[in-house]
Structures are given as C-alpha cells and as structure tokens.
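Enquirer: A predicted structure for the sequence below; I have some questions about it.
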Amino acid sequence: MSILNDVRLDRVVDRWESIQRELNAGPNQATYAALTREFAGLDPIVATIRELRTARREIVDLEAMRADAKADREMAALAAEELGELVPRVAEIEKRLQVQLLPKDAADERSAILEVRAGTGGDEAALFAGDLFRMYTRYADLHGWKTEIISIAENDLGGYREVVASITGQGVFARLKFESGVHRVQRVPETEASGRIHTSAATVAVLPEAEDVDIDIRPEDIRIDTMRASGAGGQHVNKTDSAVRITHLPTGLVVVSAEKSQHQNRKLAMQVLRSRLYEMERERADTERSDQRRSQVGSGDRSQRIRTYNFPQGRVTDHRINLTLHKLDQVMTGQALDELVDALITDHQTAQLADMAQNADA
C-alpha cells in the first residue's frame, strides 16, 4: 500500500474537517487550545493534499487530451509539453507531503535545556566546552532565541567544566536535538608550548523543556539545599547563600543553579529537574517500544562520538552522516551550523520515510 494512497489522505482531510466543526461548536478553553494546535499542524498538510490531487487530475486530463488529439499533432505536442512540466512537479509535491506526514516528535516545538560539559582533555577540554557553548548561544541569537544561563562552573583559564542554560523559542528542540553526544576537538592547545596537536572532548546534552503538566514532582520527593556560590578559583564569591541544590530522592538526580537570586535559582533548578525527568520518561517509553534502539541519527546516545572539529585543517566532520564541511570558523560562530543541522534532519527524515514505506508494504 502506498504511503500517499487515497484512504490515508482522506483520513487526514476528514480529521481536519472534524476539528473545524468542533471549533465552530465552541468548546471549552482547554479543548479549544488543543484543537487549535492540532488544526495548525494539519492545515498545511491538507493544503498540500489538495495541491497534489489537483495536479494529479490535471495529469489525467492532459493524458486524455494527448490520446484524443493523435490526429492533431499540435494539440498532442502541447499536451505532452505540459505533462513534461507537471509530472516532475507532482513528484516534488509528493515528496513534500511525505515529509509532512512523518510522525512528529511531540517535543519538537518546545524550548530546550542545553548542558555542555568538559570531557577528556583537562583544561583544553574545558576551553573547548566554552567554545561549544558560545557556538550554540550565537546560533540561538541568529534564530532569535533567548539564552539564559542556569549554572556554570569555570576553570582558571576561562573554560567551562560545566554550563547549563535554557534556550527559549519556538522549535528549539527540533533544531538542536541531534547535537546530543560527544564532540571531539583536534587542535594545538593554548597551553601547549611545543605546538603538538591534542585531542580532547566535551559532551553535549539537549533536553526538551518540560512543562508543569508533563511531570508531577511531589514536594516530599525532593530535598532543597542552599549554599554559597563561587566562581573559578574562588572568584566572584557570593556573600549570601543564594545557590540552590535540588535532589530528586526517587532517582538520585541532583540539579544546581547558582547564577541568580535564591528565588530565581530555585525556579531554574526545578525547570532543569523537570526536563531531565521528562527526558528519562521519554527514553523509557522509547525503550519499551523497541528493545534495541536504532543506531540512526536521533538516538540521543550521549556516549557516542558524533562530531570532530579539526582546527589545523579547518574542517568539521559529523560521523553519523559522514558529512565534512571545510567551514570550521563559520560553524564555530553559529553561521554554518544550520548546514549540519539540516543534513541531520534530512537524514533522519529519509530513514523515517524508508520505515513508512516498509510498513506500508508489509
């Protein structure tokens, strides 16, 4: 059975029309909001379905015209010319519709929590973690997203042992979710006098920001401690106990926020805790659906080496899709990061389309 068969497409259009009727009936506010979101998602799909069906009807008409006009060579040639233009356009519409019909990640439109940590490599790893974090903040700026630091631990050289931040905006998680994993850097460290190239690494985790309704955290399941925050080497020490550490007792998760007032730190720490618990729940559900996680892009395996940044050669290689860009400087400023992100999304969609086609044939 084809992915774009009429039965499947009719179901989409029927649901779109059903939502319109429900909205016109005046549902309560919560139902109205949910229906409006669903309608907004279906509306462009229905528009593409109608565009496809119109184009397919035109093909049928043109083929009939060409058959009927065999005695009229000019008319037959005109029909053939129009068909030559229309058939490729139908193929493009079908491809676009297939992508629109792919299963959506419910978290794609959400904001995200970004966590960057130094891995192997000592001070150089911390400096690289700082470079990665700046790359993502510049990328966020280019997309009009807002970045807010939740906690940060610096080393003496200005690098980051760990930095946690929220990135707020529409579709943040959809664009950044494939960044989770181990990022490796190859370069001559600033601290290396002999000029030898070193390899070090940093880990990136991108979590969809959870809402209060997603995760219910009971007061008795958390322990909240306040403590004095300090910067690298004891610098910028707060005189009051403003840092907040929250421990989730059932899971042992610990979250620290030390960048704002105690009230703000508590709010931000709870935000991170909800997002981590939400991600744990998502991973548990994924595991239940499949005992063996797919090794494709999007597996979210943070122990996997996903990308190498080679400074002497000015290149970035994403190992999951074997893509190399000789645009290291532009990637590190966030300007060329979309080229990697777009390629990863396309690869993921291609794998999904293959799965859909296989299931349709089964």
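Expert: Great, that's in hand.

Enquirer: CA only for contacts and neighbour counts going forward, please
Expert: Fine.

Enquirer: tell me the gap between the helix or strand of the chain with the lowest mean pLDDT and the middle of its chain.
Expert: In the chain, no helix or strand scores lower on mean pLDDT, DSSP states H and E than helix 262-289, which sits at a mean of 76. Averaging C-alpha positions (Cα atoms, centre = their mean, to the nearest Å) puts helix 262-289 16 Å from its chain's average.

Enquirer: now do stretch 157-168
Expert: Distance, centroid of stretch 157-168 to centroid of chain: 19 Å (Cα atoms, centre = their mean).

Enquirer: quick one on the thing from earlier: against which helices or strands is whichever helix or strand comes after the least confident helix or strand of the chain packed?
Expert: Next helix or strand after helix 262-289 toward the C-terminus (DSSP states H and E): strand 305-310. Judged by 3 or more Cα pairs under 8 Å, 6 or more residues apart in numbering; DSSP states H and E, strand 305-310 is in contact with strand 181-187, strand 315-318.

Enquirer: rerun at 10 Å
Expert: strand 181-187, strand 198-208, strand 315-318, strand 323-325, helix 328-332 (3 or more Cα pairs under 10 Å, 6 or more residues apart in numbering; DSSP states H and E).

Enquirer: run me through the strand neighbours of the shortest one, direction for each.
Expert: If I follow you right, that is strand 323-325. Its sheet considered, strand 323-325 pairs with strand 315-318 (antiparallel) by DSSP bridges.

Enquirer: neighbouring contacts of the strand it pairs with?
Expert: The set of residues external to strand 315-318 that reach it, using Cα atoms under 10 Å, 6 or more residues apart in numbering, is 183-185, 305-310, 323-329, 331-332, 340, 343-344.

Enquirer: now which of the residues you listed would you call buried?
Expert: The neighbour-count test (16 or more other Cα atoms under 10 Å) applied to the contacts of strand 315-318 identifies 183-185, 305-310, 324-325, 328, 331-332, 340, 344 as buried.

Enquirer: by contact count, what packs against the least confident helix or strand of the chain?
Expert: Using 3+ Cα pairs under 10 Å, 6+ apart, helix 262-289 is in contact with strand 112-118, strand 146-154, strand 160-168, strand 198-208, strand 222-227, strand 243-248, strand 253-257.

Enquirer: would a markdown table of those with mean pLDDT be doable?
Expert: Output for the helices and strands packed on helix 262-289, formatted as a markdown table (pLDDT from 0 to 100):
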| stretch | mean pLDDT |
| --- | --- |
| strand 112-118 | 93 |
| strand 146-154 | 90 |
| strand 160-168 | 92 |
| strand 198-208 | 91 |
| strand 222-227 | 81 |
| strand 243-248 | 84 |
| strand 253-257 | 82 |
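
Enquirer: most packed of the ones you listed?
Expert: Counting by mean count of other Cα atoms under 10 Å, strand 112-118 has the highest mean neighbour count of the helices and strands packed on helix 262-289, with a mean of 27.

Enquirer: now it against helix 262-289, angle please.
Expert: Orientation check (axes from the mean of the first three to the mean of the last three Cα atoms, to 10 degrees): strand 112-118 against helix 262-289 gives 90 degrees.

Enquirer: measure residue 328 to residue 135 for me?
Expert: 11 Å (Cα to Cα, to the nearest Å).

Enquirer: between those two, what contacts are shared?
Expert: 334, 337.

Enquirer: correct me, but residue 19 touches residue 41?
Expert: No - Residue 19 is beyond contact range of residue 41, at 11.5 Å (criterion: Cα atoms under 10 Å).

Enquirer: joint contacts of those two?
Expert: residue 35.

Enquirer: just to revisit the earlier point, so which of the helices and strands packed on strand 305-310 gets nearest residue 284?
Expert: strand 198-208 (14.4 Å; Cα to Cα).

Enquirer: and the closest one, which strands flank it?
Expert: Counting by DSSP bridges, strand 198-208 is paired with strand 112-118 (antiparallel), strand 181-187 (antiparallel).

Enquirer: show me how far stretch 243-252 is from its chain's centre.
Expert: Taking Cα atoms, centre = their mean, one finds the center of stretch 243-252 at 27 Å from the center of the full chain.

Enquirer: give me the low-pLDDT residue ranges for the stretch 1-150 of the chain?
Expert: Scanning the stretch 1-150 of the chain with the threshold set as pLDDT under 70 gives 1-3, 69-71.

Enquirer: how many neighbouring residues does residue 84 have?
Expert: Residue 84 is flanked by 12 other residues according to other Cα atoms under 10 Å.

Enquirer: so which strand or helix has it?
Expert: Counting by DSSP H and E, residue 84 is part of helix 73-100.

Enquirer: give me the helices and strands touching that helix, please.
Expert: helix 29-68, helix 337-361.

Enquirer: I'd like the ones you listed written out as TSV, with distance to residue 258 added.
Expert: Formatted as TSV, the helices and strands packed on helix 73-100 follow (distance: least, Cα to Cα, whole Å):
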stretch	distance to residue 258
helix 29-68	36
helix 337-361	30
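
Enquirer: next, the buried residues of the helix holding residue 84.
Expert: For helix 73-100, by 16+ other Cα under 10 Å, it's 75, 76, 79, 80, 83, 86, 90, 93, 94, 97, 98, 100.

Enquirer: how close does the last one get to residue 225?
Expert: In this structure, residue 100 lies at 47 Å from residue 225, with Cα to Cα as the measure.
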